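Q: 3D model of this:
(chains A and B)
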Amino acid sequence: MRDAIAILASCSVTLPATHAPAPPSHHRRRRCRPSPRTNQSLNSTAPSLHSTVRWDYASTSRNRNRNRKRLEYYTDLTFNLARDGRFRDLFMIAESFVVSGGKPSQFVALLDVNIVSAGISRMIKDGRLGSLIEVLGGLRKLGFAVVELFDGLAVEALRQECRRQLGKRDDVEEIVSLLEILQGLGFSTKEFVAPSEIIRLCVYRRTPSAAIRYAQIFPQVHTLLCTIMIEFGKKRDLVSALCVFEVSKQNQGCPNMYAYRTIIDVCGLCGDYLKSRSIYEELLDCKFIPNIYVFNSLMNVNASDFSYMLHIYKQMQKVGVTADLASYNILLKSCCLAARAHLALDIYRDVQHLESKGALKLDVFTYCTMIKVLADARMWRMALEIKEHMLLAGVIPNTVTWSSLISACANAGLAEQAIQLFEEMLQAGCEPNSQCCNALLHACVEAHQYDRAFRLFKSWKENGIKMSVRKDFHWMNKINDYACSKHENSSTITCRTSDSEHPSFPIRFSFAPTTSTYNILMKACGTDYYHAKALMDEMKMEGLSPNNITWSILIDICGGSGNVHGALQILRSMHQAGTQPDVVTYTTAIKICVEHKNIKVAFSLLAEMKRYQIKPNLVTYNTLLRARSQYGSLQEVQQCLAIYQDMRKAGYKPNDFYLKLLIEEWCEGVIQQNKQNKGQIASDRASLGPQSLLLEKVAEHLQDSNAESLSIDIRGLTKIEARIMVLAVLRMIKEKYNPGDSVRDDLLIILEEEPWGCASRHETGSTEAIANLLQYDLGLEVLSVGSVDGRNFNGGFDTSFLCPNSKVLQRRDLPLKLESRSRRPVPLQRLKVTKGSLHHWLQKGGASTSRSD
DNA sequence: ATAGGGTTAG
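A: Coordinates of the predicted model:
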């Protein structure tokens, strides 16, 4: 803090003790009026230079003189400081004035309003908004009636400054500070800047703090805070929205339901439905019963999780909140997302029943959602029935309803029906939008009527969508009014007012293709890559930008025409064009590679998409697994099994059948001498268990192929699965074996016997079959570990370990994790393939010769 | 102060 004396020294005013220059008198001086709160009269007037010297209020003539001189001095000082815009210094002087015993009101009275006003105008003009805020705040603290500083000119300057600041999109906190002060001064801040603009800027700058402060200027803070939450939500800024929510969730001591439902909606906008759940839990913890809006919003946001949505619906019923039409519509929407058409029909019947009792009235959303759920389920006839219901109920279908109806026909490949509905829609006076048109084009494409799609498109583009409206039509009057009123200022709809001789008049709608329109048409190009490319160019000419789907279709067409290299290049150029490929794009490219037997590239694409953190889905995995006939080496089988494990980790239920066949064939390649085995295996295929235990185990073993010592766990596998398992590991060992390597360990095979046979898939004879396979088919030496003498297995089958009471079988010193299914010890037994015989077998066979193809 | 539609890959 600078010393007041230093300020004095730098000031152009000379000390009053000497010859003080007369204050400028060329303009009328306007004294500042202190605000009423601090209004105190100045009863003595003698200046003192030092704060240590107190004002002397004793009414002597000497004192009066001294006080007058002091006052003159301060008057000049403040005049000059204000004139020069040195408000910071002015406040220091005020402070010293007060410290020396003066009253703030006395100081304020010294200030010249015109000069202060001029200083402020200068600051505004200079764009020193930060200082202005500080100065206005300081003046207000002194008790200065700041509002008087703003004449019309200053207000205008201020308004312009606000606009300039907004244009700069710089520091929204600063603008809000200014508005806070203006509000405090009694201005209506809406005069300076529209609330929507401030909110937009706060959202853009991601500054919830400024938005909250701004909202607090207004009496309807809570409504405004909710609006702000939604705005943040639209920009997918949940973090900021939650900041706002924290401020607004409590209102007068109880949870603000409006704020709760709003933040739940915002969670939906931001795609964070789990957050919406925790917010709901938080509300429950306060022991308050949410209202219908909160329940509906929560169900709506979680509509894609049918079971959770239903759980909430039931909770709502339990706490006695009555479902309204919105609740039912959300139930239907959830059914639609879960593709549960029949459940939707049940709910629809319930709601119809409620309507018949007069409890509620179905609306266009109800019907429309029903039509959509049925359209998706390819139940087009029922979808059309719903349309009849709604017409009977007097609910007028809107564009979305018609689009859904047309889509119902499109999904069923019914081009004629779709066209009929389109005409009907026009007759009903419903203006077709792009989506309707797209649905119709899609219907043509689904019905393989490609030419028809192109013809429709061409005619719509050239002439718009034309139709004749019959005079006597149901909604005739509506159309007439509509068409004629539009005619006045728009050329998109023409209307020749018909007389009685002409029962109909033509009407024309404009047609604006969208990216989807072009995508649908590109699909209609089949394998004509150049046609598709030309459409994409045309699309760009129209100012539309290709999206993921456009690129995916182009890749598909290019690859479909046999040009794999070209398809991959499109994938690259897509990156350059600034569109990030998604799962579908990659899956399409992978499909192209797989179809053209380019497995390596297919897998490299999978690795690439993972690098970009694009999660493969079921289609991606299945597409890769479809390449099965290509696998022959261990590495390829490992890749394949890795995919299988990935799938399970990602929560997909793989279809194991082909994979099992693949592994089987691969394994059996290990036995080359005994060709008749293949026939036996083929006949045993049916005995493969439905579970994926085998695949899981094989995958596990093949992945740990670097492990020093190997053991094969065949517990829980059927006889045939155990065989595959053992062969798979042997094949792996063989493929990894290099001549000259030594075999360091025996191979252990973990067997399981459950004589009391609880839930076992293990058939008797498994052990024997494995032992035979190893000994006779492969010529390996097999020992039974765990029997007292570890005696050789040559033919004399040791049945002692089948008995649970045998001493040997009580051993629990097994190296493997045990899942204990009961308190009784599960008896286990192992077979050991000696390293010596393994080594011999490896050298005899030679790793490479056993590859199948 | 709710909620609805179209196009892509097995």
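
Q: From what I see, A:Val221 and A:Arg213 are in contact.
A: No - applying Cβ atoms under 8 Å as the test, A:Val221 and A:Arg213 come out as separate, 10.5 Å apart. Heads up, the C-betas are built off the backbone N, CA and C, glycines and all.

Q: Past the helix or strand containing A:Gly167, which element shows up next along the chain?
A: Under the criterion of DSSP states H and E, A:Gly167 resides in helix A:152-168. Once helix A:152-168 ends, the next helix or strand along the chain (criterion: DSSP H and E) is helix A:172-184.

Q: so for that next one, what's the average pLDDT?
A: The average of the pLDDT scores along helix A:172-184 is 83.

Q: In chain A, which residue is most central in space?
A: Centroid check for chain A by Cα atoms, centre = their mean gives A:Gly271 as the closest residue, at 3.9 Å.

Q: Just the C-alphas of the lengthiest helix in chain A, formatted as PDB.
A: When chain A is parsed with DSSP state H, its longest helix is helix A:61-83. Output of helix A:61-83 as PDB, limited to C-alpha atoms (Å, rounded to 0.1, in the frame of the first residue of the first chain):
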ATOM      1  CA  SER A  61     -13.100  30.900  14.500                       C
ATOM      2  CA  ARG A  62      -9.500  29.500  14.300                       C
ATOM      3  CA  ASN A  63     -10.900  26.000  13.900                       C
ATOM      4  CA  ARG A  64     -13.400  27.100  11.300                       C
ATOM      5  CA  ASN A  65     -10.700  28.600   9.300                       C
ATOM      6  CA  ARG A  66      -8.400  25.600   9.500                       C
ATOM      7  CA  ASN A  67     -11.300  23.300   8.600                       C
ATOM      8  CA  ARG A  68     -12.200  25.400   5.700                       C
ATOM      9  CA  LYS A  69      -8.700  25.300   4.400                       C
ATOM     10  CA  ARG A  70      -8.500  21.500   4.800                       C
ATOM     11  CA  LEU A  71     -11.800  21.100   2.900                       C
ATOM     12  CA  GLU A  72     -10.600  23.300   0.100                       C
ATOM     13  CA  TYR A  73      -7.500  21.200  -0.100                       C
ATOM     14  CA  TYR A  74      -9.400  17.900  -0.200                       C
ATOM     15  CA  THR A  75     -11.800  19.400  -2.700                       C
ATOM     16  CA  ASP A  76      -9.000  20.200  -5.100                       C
ATOM     17  CA  LEU A  77      -7.200  17.000  -4.500                       C
ATOM     18  CA  THR A  78     -10.300  14.800  -5.200                       C
ATOM     19  CA  PHE A  79     -11.100  17.000  -8.200                       C
ATOM     20  CA  ASN A  80      -7.800  16.400  -9.800                       C
ATOM     21  CA  LEU A  81      -7.600  12.700  -9.000                       C
ATOM     22  CA  ALA A  82     -11.100  12.100 -10.400                       C
ATOM     23  CA  ARG A  83     -10.400  14.200 -13.500                       C
END
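
Q: how close does A:Arg164 sit to A:Ile124?
A: As judged by Cβ to Cβ, to the nearest Å, A:Arg164 and A:Ile124 stand 10 Å apart.

Q: For these two, indicate the residue with more neighbours.
A: A:Ile124 (22 against 13; other Cβ atoms under 10 Å).

Q: Surely the more buried one is within a helix?
A: Yes - per DSSP: H, G, I helix; E, B strand; the rest coil, A:Ile124 lies within a helix segment.

Q: Just the pLDDT at it, thanks.
A: Turning to A:Ile124, the model gives it a pLDDT of 73.

Q: Looks like it contacts A:Ala157 (just checking).
A: Yes - if you go by Cβ under 8 Å, A:Ile124 and A:Ala157 touch, sitting 4.5 Å apart.

Q: if I pick the single nearest residue of the stretch 601-750 of chain A relative to DNA strand B, what's in contact with it?
A: Across the stretch 601-750 of chain A, the shortest distance to DNA strand B (Cβ to the nearest atom of the strand) belongs to A:Val619, at 3.6 Å. The contact partners of A:Val619, by Cβ atoms under 8 Å, 6 or more residues apart in numbering, come to A:Val583, A:Thr587.

Q: Tell me where the model's unsure across the stretch 651-800 of chain A.
A: Applying pLDDT under 70 to the stretch 651-800 of chain A flags residues A:654-697, A:699-709, A:753-764, A:786-800.

Q: about what we covered before: buried ones in the helix holding A:Gly167, by neighbour count?
A: A:Ala157, A:Leu158, A:Glu161, A:Cys162, A:Gln165, A:Leu166 (16 or more other Cβ atoms under 10 Å).

Q: Mind putting the residues you listed into JSON lines with pLDDT and distance to A:Cys437?
A: Below are these laid out as JSON lines (pLDDT from 0 to 100; distance: Cβ to Cβ, whole Å):
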{"residue": "A:Ala157", "pLDDT": "73", "distance to A:Cys437": "53"}
{"residue": "A:Leu158", "pLDDT": "75", "distance to A:Cys437": "51"}
{"residue": "A:Glu161", "pLDDT": "75", "distance to A:Cys437": "49"}
{"residue": "A:Cys162", "pLDDT": "77", "distance to A:Cys437": "45"}
{"residue": "A:Gln165", "pLDDT": "75", "distance to A:Cys437": "45"}
{"residue": "A:Leu166", "pLDDT": "77", "distance to A:Cys437": "40"}
